[in-house]
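Student: how would this look folded up:
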Amino acid sequence: MARLHRVYLAPGMFGFGKIGSYDYFAHVVRALASRFRAAGEELHTFIADVAPTASIRRRAMSLAGLIGNTASDDNGPIHLFGHSTGGLDARLVASPTATLSNTPNQFRWLSRLSSVTTMSAPHFGTPLASFFATVSGQRVLYAISALTVTGLSLGAPPLAAASAVVMAISRIDHALGIELRMLDRTTNALLKALEPATGNEVEKYLDAIRRDQGAVIQLTPEAMDLFIAGVEDRPGVTYQCTCAMAPPPSLARIARSLPSPWRALSSILFTTMFGITSRFDEKYPCAAPDTSEETTRTLVRAFNRMPGARANDGVVPILSQIWGRVVWAGYGDHLDVIGHFAGTKHAKTSANTRHVDWMMSGSNFNEHTFESLMDAVASGMLASRPLSI
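Tutor: The predicted structure follows:
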């Protein structure tokens, strides 16, 4: 007899539940549903509606409330899935040491918790959060969030945004790479160009970022050092993760992108974020203090070497993404792994199955890579067993 599984998905800092007809987790939901169905299991999915940059605790309370209101009282397994910051939300909700303000009744399901999956989550922090905490960084965070939500929900970036960015680039001499003066001008152009493209739902999403940026401080390496000390794994629950890194940006790749306004915009933003994320501090290295032999073998098998401390996906260092068993590792950027990559011409193009990309990292992530990743995630979920069963 088929079991009814419930999977709860928590988006990251740039993520959202649904804007217009576009579902942020559409590709993940489709992939999980097909794999559970093939295994003879029934699956219901729920997406947490969390404020993008609110504190991890506030986001976790929203996730816990959603589960408490929808988990019912059957004996079906429950799985938590978090992308980026959403992975930390999931860990906090699952932690036996967490103190959240939800009523005890909203945690009756905990004995049915079967697995926690984190994807590209900053378990040990990210240097990018330290930058986002600055005055310039707050503007960049807002611009990138606006670009993500409009680019994905519209299916392509507004042409005016890309054209405006190229004009900003043309006024700057030899400024490729991490040049905050260039980035500031790019941000100004991007925000100005995106303004007319935003609708009510997008404005609501962006207003939430303006009003609450508690998670920005909490994702710094120093703050995550405290998170690690206080948040424990729940005994008997399967913890698994996926880890990705992008190839380092090159001047040649950036130069090739300049004739295309959209690719130029993407190259500048990604190159800058990659460079900031690659910063390394010996006191707070954004990495697990010890890497198991199994994890080391998985990473070496994926990259033919152990990734260095500066390797990252444009947002999170790869060694910060490790928590629990690494079920998949490979080349990809922060948005590739949840299905936001440039699809091939033969791929489906309906509103919720098209692959849209703005973070053009040169990782060559594709449909085959995504299917392999989701095979690994679903297999780990299906193999897990909650304590109540």
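
Student: can you pull out the helices in the stretch 101-250 of the chain?
Tutor: Assigned by DSSP state H, counting those that start in this stretch, the stretch 101-250 of the chain shows helices spanning 127-132, 135-154, 159-170, 180-194, 200-211, 214-218, 221-230.

Student: ok, of these, where does mean pLDDT dip lowest?
Tutor: Mean pLDDT values for these show the minimum at helix 159-170, a mean of 44.

Student: For this protein, give me the ranges with low pLDDT.
Tutor: Along the chain, segments meeting pLDDT under 70 span 1, 19-21, 150-201, 251-264, 344-355, 387-389.

Student: please redo it, this time with the cut-off set to 90
Tutor: Applying pLDDT under 90 to the chain flags residues 1-3, 12-24, 49-54, 72-75, 98-106, 131-216, 249-273, 288-291, 340-364, 385-389.

Student: Could you find the closest non-adjacent residue to the residue nearest the centre of it?
Tutor: Nearest to the geometric centre of the chain sits residue 84, at 3.4 Å (C-alpha atoms, centre = their mean). Excluding the flanking residues, the one nearest residue 84 by C-beta to C-beta, 6 or more residues apart in numbering is residue 12, at 2.5 Å. All C-beta atoms are positioned from the backbone trio N, CA, C, and that covers glycine.

Student: who's in contact with that neighbour?
Tutor: Each residue near residue 12 by C-beta atoms under 8 Å, 6 or more residues apart in numbering is listed here: 82, 83, 84, 85, 86, 87, 120, 121, 334.

Student: go with 10 Å
Tutor: By C-beta atoms under 10 Å, 6 or more residues apart in numbering, the residues touching residue 12 are 24, 50, 52-53, 59, 82-89, 119-122, 148, 215, 315-316, 334-335, 338.

Student: coming back round to it: if I read this right, the residue nearest to the centre of the chain contacts residue 316, doesn't it?
Tutor: Yes - assessed by C-beta atoms under 10 Å, residue 84 is found in contact with residue 316 at 6.9 Å.

Student: Residues that sit against both of these two, list them.
Tutor: Shared contacts of residue 84 and residue 316, counting by C-beta under 10 Å, 6+ apart, come down to 12, 120, 121, 122, 126, 219, 334.

Student: Give me the phi and psi for the fourth one.
Tutor: Residue 122 adopts backbone torsions of phi -90, psi 70, taken as degrees, to the nearest 10.

Student: Please report how far it lies from residue 274.
Tutor: For residue 122, the distance to residue 274 (C-beta to C-beta, to the nearest Å) stands at 15 Å.

Student: Tabulate the shared contacts of residue 84 and residue 316 in TSV, adding columns for distance to residue 294.
Tutor: Output for the shared contacts of residue 84 and residue 316, formatted as TSV (distance: C-beta to C-beta, whole Å):
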residue	distance to residue 294
12	26
120	20
121	19
122	22
126	24
219	27
334	24
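
Student: Now, of those, which are buried?
Tutor: 12, 120, 121, 122, 126, 219, 334 (16 or more other C-beta atoms under 10 Å).

Student: separation between the closest residue in space to the fourth one that isn't next to it in sequence and residue 369?
Tutor: Ranked by C-beta to C-beta, 6+ apart and with sequence neighbours excluded, the top spatial neighbour of residue 122 is residue 316, at 4.6 Å. For residue 316, the distance to residue 369 (C-beta to C-beta) stands at 18 Å.

Student: The two: which is more packed in?
Tutor: Each of residue 316 and residue 369 has its neighbours counted (other C-beta atoms under 10 Å); residue 316 has more, 30 against 19.

Student: That one reaches residue 332, doesn't it?
Tutor: No - contact criterion C-beta under 10 Å: residue 316 and residue 332 do not qualify, at 11.7 Å.

Student: what do the two both touch?
Tutor: Common neighbours of residue 316 and residue 332 are listed as 120, 243, 244, 245 (criterion: C-beta under 10 Å, 6+ apart).

Student: May I see these organised as CSV, with distance to residue 236 added?
Tutor: CSV is the format used below for the shared contacts of residue 316 and residue 332 (distance: C-beta to C-beta, whole Å):
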residue, distance to residue 236
120, 25
243, 24
244, 28
245, 31
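
Student: Tell me which other helices or strands the one helix or strand residue 372 maps to touches.
Tutor: Element membership of residue 372 [criterion: DSSP states H and E] is helix 367-383. Packing contacts for helix 367-383, counted by 3 or more C-beta pairs under 10 Å, 6 or more residues apart in numbering; DSSP states H and E, involve strand 4-10, helix 26-38, strand 78-83, strand 113-119, strand 238-245, strand 325-331.

Student: Quick check: which of these is nearest to residue 96?
Tutor: strand 113-119 (10.7 Å; C-beta to C-beta).
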